[in-house]
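Novice: I'll drop the sequence and a predicted model, then ask my questions.
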Amino acid sequence: MPNDLLWRMVPLSLNIYLYEVHMIYLEWGFVLIKVLLGLWIISFLIRPFVSYEIQEFFRNMDEFIVEQISSIPIWLSNLWLFAGTILYFIGNFTVLLLLTLGVFMLGYSIFLHAQEVDCSLESVYNLAKSLVEEKTAWSGATTIVASTVAIGHMWKLNLDKRQYFEKREKELHEKYEARRNKERERSKSQSGFV
């Protein structure tokens, strides 16, 4: 019986070891990708100052990277688009939740100190001074600022996406019209010969 238990534990420890080795390879692969991407971005800064042969090497490297990106299968591209759309909506919901939380925190902090306020400038100054000293009010105000910036970026992303798809639709429509006109011309020229 003890041998049977030992036999069951060996594959488990071997599997854990193999998992750790694979994770190390994945981590180093990710580090390598980050380093290569950083070097590739830095290469754009030094390109004007290097010789023509090195610039030609960089152009070939750019073409290779673009070929690798464009060779992504359609189903994977669609999966990426679907995942991006889902994450976009989750991000919008989270930002609105953060905005609501920030407004609540700041509003509650103001409410707690509102008993001190009458209609004078000095009491408003004292309220602001007490709010500045309170960490909860600062965190609420910071969350409001951060979430409004994030909302602005989300709107910009939404507008860019809409413009991209409108441009793409226009290009496809122009290609369709050009192909349709070409077919009309061909059918006219064939009917003229008959």
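Specialist: Yep, that arrived.

Novice: In this protein, mark out all the helices, start to finish.
Specialist: Secondary structure of the chain (DSSP state H): helices at 2-46, 52-70, 74-113, 121-132, 135-193.

Novice: How many neighbouring residues does the residue nearest to Phe104 when sequence neighbours are not counted have?
Specialist: Once flanking residues are discounted, Phe104 sits nearest to Gly140: 7.4 Å by CB to CB, 6 or more residues apart in numbering. In short, each C-beta sits where N, CA and C put it, glycine included. The local packing of Gly140 (other CB atoms under 10 Å) involves 22 other residues.

Novice: Next, format the helices of the chain as CSV and append mean pLDDT.
Specialist: What follows is these, written out as CSV (pLDDT from 0 to 100):
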stretch, mean pLDDT
helix 2-46, 70
helix 52-70, 83
helix 74-113, 88
helix 121-132, 85
helix 135-193, 87
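
Novice: Distance of the spatially most central residue of the chain relative to Gly102?
Specialist: With the centre of the chain defined as its mean C-alpha position, the nearest residue by CA atoms, centre = their mean is Gly84, 7.8 Å away. Gly84 is 26 Å from Gly102, where distance means CB to CB, to the nearest Å.
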